[in-house]
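Chemist: Okay, predicted coordinates and the sequence, questions at the end:
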Amino acid sequence: MNKEEIYQTISDFVDLIENGRGSVEENEKSLSLLLDKLALASHFVNDSKGQSADLKIPQIDSTKLREIVSNRFPKYGYYNSPNDVTSKITETEITVGDAIDDILDITMELKTVLFYWDNSSSENALFQYQNGFNNHWALHLRELQLYILANKSAA
C-alpha cells in the first residue's frame with residue numbers, strides 16, 4: 001500500500017464510524033474489510049521516519065463517539081479473551097473484551113492520525129499510525145477480527 005491508499009483506508013474507517021453505510025449488515029461488512037485493510041497497512045508504515053509533532057490535538061468526545069459506535073453496531077458486545085496466548089496453555093485466565101470499546105479506541109487513534117496528516121505531514125501521521133498500532137490498538141484490532149469471525153461462524 002502506498003501513502004494515498006493508507007490515507008484512504010483510514011479516512012474510510014472514520015467515515016464508516018461517523019456516517020455508516022446504510023444498514024447494520026453493510027456497516028458490519030465494511031468494518032470487517034476495513035479492519036483487514038488497516039492491518040495490511042501496518043506492514044507498509046514500519047519504516048516511518050516521522051515524529052510526534054507538537055500539535056494541539058482536538059479533544060474527542062468519547063461518550064458521544066461511543067454512542068455513535070453502539071448505534072452503528074448494535075449487535076456487538078462483550079467477548080472472552082485469554083490473558084496468555086502462548087504460555088499457560090489450557091491454564092490461562094480469561095478476561096472480558098468489549099467490541100464497542102475496541103472500535104472506539106481504534107477510531108480515536110485514527111482520528112488523531114488524520115489530524116496529523118492534515119495539519120503536519122504524512123510522515124508524522126504514519127509515525128502516529130505505527131506507534132499507535134504497535135503500542136495500543138493492534139490487539140484491539142486482532143481481537144475484534146476474531147470476535148467478528150466467531151459471530152459469523154455462530155450464525
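Modeler: It's in. Numbering: from 1, shown residues only.
Chemist: ranges for the strands of the chain?
Modeler: Using DSSP state E, the strands assigned to the chain run over residues 78-82, 94-98.
Chemist: ranking the ones you listed by burial, who's on top?
Modeler: strand 78-82 (a mean of 15; mean count of other C-beta atoms under 10 Å). Just so you know, the C-beta spots here come from the backbone N, C-alpha and C atoms, and that holds for glycine as well.
Chemist: in its sheet, what does it sit against?
Modeler: With DSSP bridges as the test, strand 78-82 is paired with strand 94-98 (antiparallel).
Chemist: Tell me which helix or strand in this protein has the weakest average pLDDT.
Modeler: Lowest on mean pLDDT, DSSP states H and E among the helices and strands of the chain sits strand 78-82, with a mean of 86.
Chemist: residues making contact with it?
Modeler: Applying C-beta atoms under 8 Å, 6 or more residues apart in numbering, the set of residues contacting strand 78-82 from outside is T92, E93, I94, T95, V96, G97, D98, A99, E143, L146, Y147, A150.
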